[in-house]
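Asks: Okay, here's the prediction I keep looking at, along with the sequence it came from:
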Amino acid sequence: MTATVKNLLVELFVEELPPKALKKLGEAFATGLAASLKAQGLATAESQLTSFASPRRLAAHLTQVAAKAADKSVQQKLMPVSVALDAAGAPTPALVKKLAALGVDPAVIPSLKRAPDGKAEALFLDSLVGGATLAEGLKKAIDEALSKLPIPKVMSYQLADGWHSVHFVRPAHGLVALHGDAVVDLSVLGLAAGRSTQGHRFEASVNPVVLRDADSYAEQMAGEGAVIPGFAARRAEIERQLAAAAAAEGLKPIDDDALLDEVTALVERPNVLLCQFEPQFLEVPQECLILTMKANQKYFPLLDAAGRLTHKFLVVSNIRPADASAVVGGNERVVRPRLADAKFFFDQDRRKRLVDRVGGLHKVVYHNKLGTQGERMERVRKIAHAIGQALGGPALAAAADVAAMLSKADLLTDMVGEFPELQGVMGGYYARHDGEPEDIALAIEDHYRPRFAGDALPRNAVGLAVALADKLETLIGLFGIGQVPTGDKDPFALRRHALGVIRMLIERELPLEVHQLVAEGFKAFPASHGQAQAEIGFFLRERLSGYLREQGYSAQEVEAVVEAGPARWAEVPKRLAAVRAFTALPEAASLAAANKRVGNILKKSEGAGIGAVQPALLKEPAEAALHQALLAVQPVADAAFARGDYAQSLQALAALKSPVDAFFDGVMVNADDPALRSNRLVLLGLLHTAMNRVADLSRLAS
């Protein structure tokens, strides 16, 4: 490393940053800074970036940064030769004026380059542009990085001079910029760069912390400043302490990455402490207690080996006192009223049965064009009843109807009013308290599932019926009033609802046909509701294709199966596996190409190709041979298809390769004789049908 190429550290010291945004802010600041320096030639592709982010600082360390970027050769187009030079080749006034404007001596005219520029020829000026110095380049890089930060809400604040204001996520109070051990001379946000920063508010051994050089930042901040500045390092330390503290009690902390990220963004020197609350609160459903501890207090509840909540929890403190009893006691006092509220809500809610709350849903507006929650519940009931009938007959239909009727009643409880995230979950608890059967309680609890990608599916048939009905009602209702997702905007999460329908149909292998499901859904709405069956069908197919590609299938494989239009999507994985096996056959490429050719011929025939083959009109040996091969293969393929053996159905088609090739080599489909032409089109129509029952093989053609 030369004397002018050194490591760089930049730190912006600010007031407390928004915790939920800190991780992204730290990454964006560092990557934006590095990208700008590399673009300016001050850093190289080999420069290594390390980002730092704590509640009160954003920082970046970048290796191999030059004090000055290398000079660059630049070629600038001046003007067409016909404008720059007269007939005798002398410079025109226009050229002289252009050079003067650029500050270039006219003496360079003889050295100007002539080069083609489109159809004409132009003059070009070669010049050497000096590279940026680190001071000017770093200021530009910081300004660019700050302007691109994903800031949730910008603040405006006045600088100390009383005249100027700046805009940033939080007021900034310090700037460090070190190139090696030298301060870079620049100002940003009204702050002049230096080498001093602030450590921990209460526990720093030295304040301010005077940094020796760019490479000593993490070490000095941890030692003198009592701060772990790296987000990832601080998160790892919290994880380590949580695991150790839980293991000492024979327990395990709740697994929640979002909570861990948020707590990491709240502390600079983490110290995990064990706390507890009165065991009597464990009478409340653990989901309520866990949610109030996580959401309101940022605590980590502790679970036993069976996954049950215990009366102990962990808190991540930002200080490390010799005697932590005051911190522990304070946190225990704070959590107690929260848990008492949850217990009060739970006790109060159980005084009124779910069925007695159903009527109140008719007073709650769902959507101004779709009526009340009560009206919505009635629509879900009708759809769930139909799905239950299709899946399990009258008994399942009746259970699905009851579960659907009760499914939204917990929206009117105090607990769900306080914690909307618990809708469904609390309904299950209250249904059990009311004496409802377990399958009904589980269905109420599960009917929002899957709530997000990777979420568990409903656990029983009643839950599947109600969950499908709930999601279909949402899709049909909102599509019918024109609330369709556009681009990246999907305010009603309809893509998530569609994916939930797809996952339940496929992963639970439900024997339901999609178009019938959508049709049943529309029957639950008044006749005046917008008819959007086609739009919903297309939307669901698009989501199906995306879901299958995420499972590892190629775009060609997915397109082949989806375009075949299988009525039952539970069969789709088996069809995809069959297509993958088929493509491995030596005959596959030829048959796919032939299938594509047949499809194109039939499209141009405008309705021909339907009917029965007339054997007497099979004049050519190749067409007669294809007909015989088709008569032999089709029953085998159809029988395999009927029993769901899609791989065998497709593999049976391999026997058609030779007769199909011979047909196209020796038979003119568009014969002059109309009868021959029609008969050959009918033969091709039968071939096309036989080949495309499992998948549209033409989509596999390269």
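Replies: Great, that's in hand. Residues are numbered from 1 along each chain as shown.
Asks: contacting residues around the closest residue in space to Leu186 that isn't next to it in sequence?
Replies: Using Cβ to Cβ, 6 or more residues apart in numbering and skipping residues adjacent in sequence, the residue nearest Leu186 is Lys139, 4.4 Å away. (C-beta placed from N, C-alpha, C; glycine too.) Contacts for Lys139 (Cβ atoms under 8 Å, 6 or more residues apart in numbering) come out as Leu186, Ser187, Val188.
Asks: in the stretch 601-702 of the chain, which spans are strands?
Replies: Listed in chain order, the stretch 601-702 of the chain contains no strands at all (DSSP state E, counting those that start in this stretch).
Asks: before we move on, the earlier item: just put the contacts of Lys139 in CSV and tack on distance to Asp661.
Replies: As requested, the contacts of Lys139 are exported to CSV (distance: Cβ to Cβ, whole Å):
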residue, distance to Asp661
Leu186, 74
Ser187, 77
Val188, 72
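Asks: Pull out the buried members of these.
Replies: Among the contacts of Lys139, those classed as buried by 16 or more other Cβ atoms under 10 Å are Leu186, Val188.
Asks: of all the contacts of Lys139, which comes closest to Arg495?
Replies: Ranked by distance to Arg495 (Cβ to Cβ), these are led by Val188 at 41.0 Å.
Asks: circling back to that earlier point, between the contacts of Lys139, which sits nearest Ser216?
Replies: Set against Ser216, the nearest of the contacts of Lys139 by Cβ to Cβ is Leu186 (20.6 Å).
Asks: residue contacts, that closest one?
Replies: Ala135, Glu136, Leu138, Lys139, Ile142, Ala177, Ala192, Ala193.
Asks: The third one - how many residues pack around it?
Replies: For Leu138, the number of neighbouring residues by other Cβ atoms under 10 Å comes to 26.
Asks: next one: the helix or strand harbouring it to chain centre, how far?
Replies: Applying DSSP states H and E as the criterion places Leu138 in helix 134-147. Here helix 134-147 is found 31 Å from its chain centre; the criterion is Cα atoms, centre = their mean, to the nearest Å.
Asks: What strands flank the helix or strand just after that helix, and is each parallel or antiparallel?
Replies: For helix 134-147, the succeeding helix or strand toward the C-terminus, using DSSP H and E, is strand 155-158. Here strand 155-158 is paired, per DSSP bridges, with strand 165-168 (antiparallel).
Asks: can you tell me the average pLDDT over the strand it pairs with?
Replies: Strand 165-168 shows a mean pLDDT of 80.
Asks: Any buried residues in that strand, and which?
Replies: Buried residues in strand 165-168, counted by 16+ other Cβ under 10 Å: Val166, Phe168.
Asks: same thing with stretch 297-314?
Replies: Here stretch 297-314 shows Tyr299, Phe300, Pro301, Leu302, Leu303, Leu309, Thr310, His311, Lys312, Phe313, Leu314 as buried, counting by 16+ other Cβ under 10 Å.
Asks: Now find how far off-centre the host helix or strand of the fourth one is within its chain.
Replies: Put plainly, it is Leu302. Here Leu302, judged by DSSP H and E, is contained in strand 300-303. From the chain centre to the centre of strand 300-303 is a distance of 28 Å (Cα atoms, centre = their mean).
Asks: what are the pairing partners of that strand, and which direction each?
Replies: strand 252-253 (antiparallel), strand 309-317 (antiparallel).
Asks: mind giving me CSV with the ones you listed and columns for distance to Asn207?
Replies: Shown next, in CSV, are these (distance: least, Cβ to Cβ, whole Å):
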stretch, distance to Asn207
strand 252-253, 33
strand 309-317, 20
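Asks: Which one of those strands lies nearest to Gly103?
Replies: For the strands paired with strand 300-303, distance to Gly103 was read as Cβ to Cβ. The smallest value, 61.0 Å, belongs to strand 309-317.
Asks: going on from the closest one, what's the next piece of helix or strand?
Replies: helix 325-349.
Asks: Now do that next one: which elements does it pack against?
Replies: strand 271-276, helix 286-297, strand 309-317, helix 414-418, helix 425-433 (3 or more Cβ pairs under 8 Å, 6 or more residues apart in numbering; DSSP states H and E).
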